[in-house]
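> What shape does this take:
(chains A, B and C)
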Amino acid sequence: MPAEGEMRAPASEISVIAADLLGRLRTQAPRVHCITNTVAQVITANTLLAVGAVPSMTIAREEVGAFVESAAALLVNLGTLDAERRAASEAAIDTAQRAKIPWVLDPVFIDRSPARAAYARALLARKPAAIRLNRGEFLALSGTTGEPEAIVSFARAHGVAVGLTGATDVISDGERLVAIGNGDPLMQRVTALGCAESALVAACLAVERDAWRACAAALLIFGVAGEIAARRARGPGSFAVELLDALHELNRDALMAQARVS
Amino acid sequence: MPAEGEMRAPASEISVIAADLLGRLRTQAPRVHCITNTVAQVITANTLLAVGAVPSMTIAREEVGAFVESAAALLVNLGTLDAERRAASEAAIDTAQRAKIPWVLDPVFIDRSPARAAYARALLARKPAAIRLNRGEFLALSGTTGEPEAIVSFARAHGVAVGLTGATDVISDGERLVAIGNGDPLMQRVTALGCAESALVAACLAVERDAWRACAAALLIFGVAGEIAARRARGPGSFAVELLDALHELNRDALMAQARVS
Amino acid sequence: MPAEGEMRAPASEISVIAADLLGRLRTQAPRVHCITNTVAQVITANTLLAVGAVPSMTIAREEVGAFVESAAALLVNLGTLDAERRAASEAAIDTAQRAKIPWVLDPVFIDRSPARAAYARALLARKPAAIRLNRGEFLALSGTTGEPEAIVSFARAHGVAVGLTGATDVISDGERLVAIGNGDPLMQRVTALGCAESALVAACLAVERDAWRACAAALLIFGVAGEIAARRARGPGSFAVELLDALHELNRDALMAQARVS
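Next up, the predicted model:
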């Protein structure tokens, strides 16, 4: 394991990557298939559209294979984990692996449901490119708190890029590590923004196969847009509206000026 | 039955209760589990988050027990009543009764579906702490129009706090009665606001076990926030945004100044 | 087939029809039952409410017949096509045909799923009054590109009013033809607006049995409201809010002044 100083990326580097990936999203308009819960579907679809990607959302077992096969990336979110969704998730991951389509795992609320936590551990063995989660979910998945060293170890052990979001976001693939200080507390007052952020990680993976770069870029984009939105918002209702507008207009200058990366 | 004059609470008393419960919601951040229809999920979750509560929404039979067991209150909304949701609702109510968690019944659209009306009557026997509904739904459930005396009788007969919403909201637990004149016609032009209001009743029950106080406070909070939102809105799109902002910023002064309680 | 010049309606005629139907919607408040996907439900319900109609949305097999029987129009959207939804769609169409309630088909994303395309062809034989779709979906359904002559032929062959939306919308029932140039590119950056537009076609059918008039009016209303919203919006988040406000306030003067019909 390299010394921490060597592993850390400078703010300007991540901002440049993020601006570059935003440009690719707007040019390539990749389709991202999302298996996600019904609470998260609309904000997830609108987040993807705001950055130039194209969502598809069916969870019907009969269709999910065809939709994933022609997608550029896949998101599997464990919200509302019933038999139907498990079957859809497994069919989708089978297809993604066969077609070499990168996929992202969002183990939402596994800290509230032991059954979901067990299932998330099983899916982790199926090699997602990235996993986005919060501190409580990381604890439920790894058994350790979200200290940077624990995240690096976990990422290395499982061969996955980890994006742990919170007041500070931490991203590691076991080799590289970056911390992002952008965001706003209002993000906790709108439902499913974490789920939408995971979809943005999948969108970035659709245009950048280096999962650490994709994950760091996505979390920086979301955090900076969140700060812009918070400055314009009066409360959580207007915040959600402004967030989509900010994602849509976000550019290199704003990313370079506002990124707080260490 | 006491004379009506004795039963009525003064405006200032309900405003003080409402401000007090808002403070508890923001401090305690109770989790409210909501079994509700897919149209209502997002606005319901965002309404709860705007007042400081925390929503959970899974309806998967396999998970609902674990989620309810650790929640502070439960909402059962009858929208989209299929076999799956009936099973989830019954598992949730079983758990709530065992764990002594208060629950709210929203018999949405029972006036359009005799099967739902029959089911609502069966659930009423399972002792919800409160029931929130509109005039058409009350008629379908009780066979009587929503005159104050009929509401008082119904509440007493079933041992439930009734919150009947409309141009004037009426709340009774069979002993006490209050009428609230706040609100705005734009509330009828945004889908699922009644469902969201029922979730707010559940949130207030999570921090106040006197169901009449919880129900009256929730309806006053929602009505005053609706009036604030209507003054700022241009139409139903901006109204929904402003309503969440107004719920988030609502305070004792606004409640005291604007409550129309009799 | 008449010469194209004879078939085309002047802008002012369509604007007058649209203003007239908006007036009927606000006066009659028809209920429109929508079988649509979970991503589209909220914006669809709010679009209907903004123009004065009343949505219902249950897809439970046990209930759908009763809800359709008392509705004024039906929408069948093929998003998320699983066994449950197929059964609900078929029960709904059976009821609509028996009760002579007009219905609209939205064959969403059939260009991405051969199974959906085959199903859409089967439903077309069950005589929807209108079908709303985009160019890719029309290609998947008809095997021809969306040139006006192809649309007219298709509409005549199947006895259906076709509303093909895109940069220019084209509406034909096989006899009459109109092209509408209103709208804004931001409409592509908000999820499910096409689905919501199909529900508006159904709402117009509820108050006007001439399917070509209903379809043309709905697409003009949506396009003009979209332009008004785009002038007020900063990005896709505020656009969705402004669209609902614009639909709510839309009137004859705005329709007459802004319609681009040829």
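
> what does stretch A:145-161 rub up against?
A:1, A:4, A:7, A:124, A:127-131, A:135, A:138-139, A:142, A:144, A:162, A:164, A:166, A:170-175, A:177, A:179, A:211-212, A:214-215 (Cβ atoms under 8 Å, 6 or more residues apart in numbering or on different chains). C-beta here means a position set from N, CA and C on the backbone, and glycine is covered the same way.

> Low-confidence stretches in chain A?
Low-confidence regions of chain A, defined by pLDDT under 70, span residues A:1-11.

> how about the residues of it that lie near chain C?
Residues of chain A found near chain C (Cβ under 8 Å from any Cβ of the partner chain) are A:38, A:41-42, A:45-46, A:49-50, A:55-63, A:66-67, A:70, A:240-249.

> ok so, going back, now list the buried members of the contacts of stretch A:145-161.
Buried by 16 or more other Cβ atoms under 10 Å in any protein chain shown: A:7, A:124, A:128-131, A:138-139, A:142, A:162, A:164, A:170-174, A:177, A:179, A:211-212, A:214-215, out of the contacts of stretch A:145-161.

> the helices in the stretch 1-150 of chain A, which residues?
A:4-7, A:11-28, A:41-50, A:61-69, A:83-98, A:114-124, A:135-142, A:148-158 (DSSP state H, counting those that start in this stretch).

> what's around the residue nearest to A:Gln258 when sequence neighbours are not counted, how many residues?
Sequence neighbours aside, A:Val224 is the residue nearest to A:Gln258 in space, at 4.9 Å (criterion: Cβ to Cβ, 6 or more residues apart in numbering or on different chains). Using other Cβ atoms under 10 Å in any protein chain shown, A:Val224 has 25 other residues around it.

> same question, A:Ile35
A count of neighbours around A:Ile35, defined by other Cβ under 10 Å, yields 24.

> quick one: contacts for it?
A:Ile35 makes contact with A:Ile59, A:Val64, A:Leu74, A:Leu75, A:Val76, A:Asn77, A:Arg85, A:Ala88, A:Ser89, A:Ala92, according to Cβ under 8 Å, 6+ apart.

> again, 7 Å this time
If you count contacts by Cβ atoms under 7 Å, 6 or more residues apart in numbering or on different chains, A:Ile35 has them with A:Ile59, A:Leu75, A:Val76, A:Asn77, A:Arg85, A:Ala88, A:Ser89, A:Ala92.

> likewise A:Val207?
Counted by Cβ under 7 Å, 6+ apart, A:Val207 has contacts A:Leu21, A:Arg24, A:Leu25, A:Gln28, A:Pro30.

> out of those, which are buried?
Taking 16+ other Cβ under 10 Å as the criterion, what is buried in the contacts of A:Val207 is A:Leu21, A:Arg24, A:Leu25, A:Pro30.

> of those, closest to chain C?
When the buried ones among the contacts of A:Val207 are ranked by distance to chain C (Cβ to the nearest Cβ), A:Leu25 comes first, at 12.4 Å.

> tell me the contacts of that closest one?
For A:Leu25, the contact set (Cβ under 7 Å, 6+ apart) comprises A:Val51, A:Gly52, A:Ala53, A:Ala203, A:Val207.

> Kindly report the same for A:Lys127.
A:Gly159 are the contacts of A:Lys127 under Cβ under 7 Å, 6+ apart.

> Would you check how far apart A:Glu90 and chain B are?
According to Cβ to the nearest Cβ, to the nearest Å, A:Glu90 and chain B sit 16 Å apart.

> Distance of that residue relative to chain C?
For A:Glu90, the distance to chain C - Cβ to the nearest Cβ - is 16 Å.

> Over to A:Ala203?
In terms of Cβ to the nearest Cβ, A:Ala203 sits 14 Å off from chain C.

> Contacts only, for that residue.
Neighbouring residues of A:Ala203 by Cβ under 7 Å, 6+ apart: A:Leu25, A:Pro30, A:Val32, A:Leu48, A:Val51, A:Ala53, A:Ala73.

> Look at it and give its secondary structure.
Using DSSP: H, G, I helix; E, B strand; the rest coil, the structure places A:Ala203 in helix.

> Can you tell me the closest non-neighbouring residue to the residue nearest the centre of chain A?
Chain A has A:Ser198 as the residue nearest its centroid, 2.4 Å off, counting by Cα atoms, centre = their mean. Excluding its sequence neighbours, the residue lying closest to A:Ser198 (Cβ to Cβ, 6+ apart) is A:Asp106, at 3.9 Å.

> phi, psi of A:Asp210?
Reported as degrees, to the nearest 10, the phi and psi values for A:Asp210 are phi -70, psi 110.

> Could you tell me how far it is located from C:Pro236?
28 Å (Cβ to Cβ, to the nearest Å).

> still on that earlier bit, enumerate every residue touching the residue nearest to A:Ser198.
A:Leu75, A:Asn77, A:Leu78, A:Arg132, A:Leu133, A:Cys195, A:Ser198.

> give me that answer again for 10 Å
For A:Asp106, the contacting residues are A:34-37, A:40, A:44, A:75-79, A:120, A:128, A:130-133, A:137, A:163, A:194-199, A:201-202, by Cβ atoms under 10 Å, 6 or more residues apart in numbering or on different chains.

> Within range of chain B, give me the residues from the stretch 101-250 of chain A.
A:108-109, A:112-116, A:186, A:188-192, A:233-242 (Cβ under 10 Å from any Cβ of the partner chain).

> Mind doing that once more with 7 Å?
The stretch 101-250 of chain A comes close to chain B at residues A:Arg112, A:Ser113, A:Ala115, A:Arg189, A:Val190, A:Thr191, A:Arg234, A:Gly235, A:Pro236, A:Gly237, A:Ser238, A:Val241, as judged by Cβ under 7 Å from any Cβ of the partner chain.

> will you turn those residues into JSON lines that also has secondary structure, neighbour count and distance to C:Gln97?
What follows is these, written out as JSON lines (DSSP: H, G, I helix; E, B strand; the rest coil; neighbours: other Cβ atoms under 10 Å in any protein chain shown; distance: Cβ to Cβ, whole Å):
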{"residue": "A:Arg112", "secondary structure": "helix", "neighbour count": "19", "distance to C:Gln97": "46"}
{"residue": "A:Ser113", "secondary structure": "coil", "neighbour count": "23", "distance to C:Gln97": "44"}
{"residue": "A:Ala115", "secondary structure": "helix", "neighbour count": "14", "distance to C:Gln97": "44"}
{"residue": "A:Arg189", "secondary structure": "helix", "neighbour count": "21", "distance to C:Gln97": "47"}
{"residue": "A:Val190", "secondary structure": "coil", "neighbour count": "25", "distance to C:Gln97": "43"}
{"residue": "A:Thr191", "secondary structure": "coil", "neighbour count": "25", "distance to C:Gln97": "39"}
{"residue": "A:Arg234", "secondary structure": "coil", "neighbour count": "16", "distance to C:Gln97": "49"}
{"residue": "A:Gly235", "secondary structure": "coil", "neighbour count": "21", "distance to C:Gln97": "48"}
{"residue": "A:Pro236", "secondary structure": "helix", "neighbour count": "23", "distance to C:Gln97": "45"}
{"residue": "A:Gly237", "secondary structure": "helix", "neighbour count": "27", "distance to C:Gln97": "42"}
{"residue": "A:Ser238", "secondary structure": "helix", "neighbour count": "23", "distance to C:Gln97": "45"}
{"residue": "A:Val241", "secondary structure": "helix", "neighbour count": "27", "distance to C:Gln97": "41"}
